[in-house]
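*Asks:* okay, predicted coordinates and the sequence, questions at the end:
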Amino acid sequence: MLGKTLGADGLLILTDVPGVAMNFGQPNQKFIRSASPERLLELTKNAAASKNFPAGSMGPKVESVIDFVQNEKDSHSGRWGVIGPLKEATGMMCGESGTFVTNEHGVDHFGVLL
């Protein structure tokens with residue numbers, strides 16, 4: 001990934017939805033506000049994850065942000081990534097919108113928007 005090669009601190013993945021959602025498009029849909037890469041990885045391995053993060057939609061975005069933030073071969077531990085809407089890119093840079101992925105709050109961190 002180019003961002004890792006350049007030594008970037010952050011990765012914005014711009015899309016047309018507010019962020020990464022559990023049960024996307026369902027009545028019980030909830031957007032994930034923030035999470036550690038480990039928690040997102042755990043969710044991708046869940047049997048229901050194919051519904052939450054489909055291969056042709058959110059799946060590759062989630063995998064990319066996990067890889068960027070959690071690169072074990074790199075000692076640059078302050079990396080962060082955000083998945084969210086293009087129209088809110090400035091808010092995403094400030095951590096105010098989108099799904100923010102970081103190791104800052106520990107490996108078990110997971111916050112859901114209602």
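*Replies:* Arrived safely.

*Asks:* roughly how far apart are the closest residue to residue 100 other than its chain neighbours and residue 22?
*Replies:* Excluding the flanking residues, the one nearest residue 100 by C-beta to C-beta, 6 or more residues apart in numbering is residue 34, at 4.3 Å. C-beta: built from backbone N, CA, C; applies to glycine. Distance, residue 34 to residue 22, using C-beta to C-beta, to the nearest Å: 13 Å.

*Asks:* so the residue nearest to residue 100 sits against residue 96, correct?
*Replies:* No - the pair residue 34 / residue 96 is not scored as a contact, 11.2 Å apart, by C-beta atoms under 8 Å.

*Asks:* returning to what we had before: which helix or strand contains the residue nearest to residue 100?
*Replies:* Element membership for residue 34, per DSSP states H and E: strand 30-35.

*Asks:* pLDDT on that strand, on average?
*Replies:* If you average the pLDDT over strand 30-35, you get 92.
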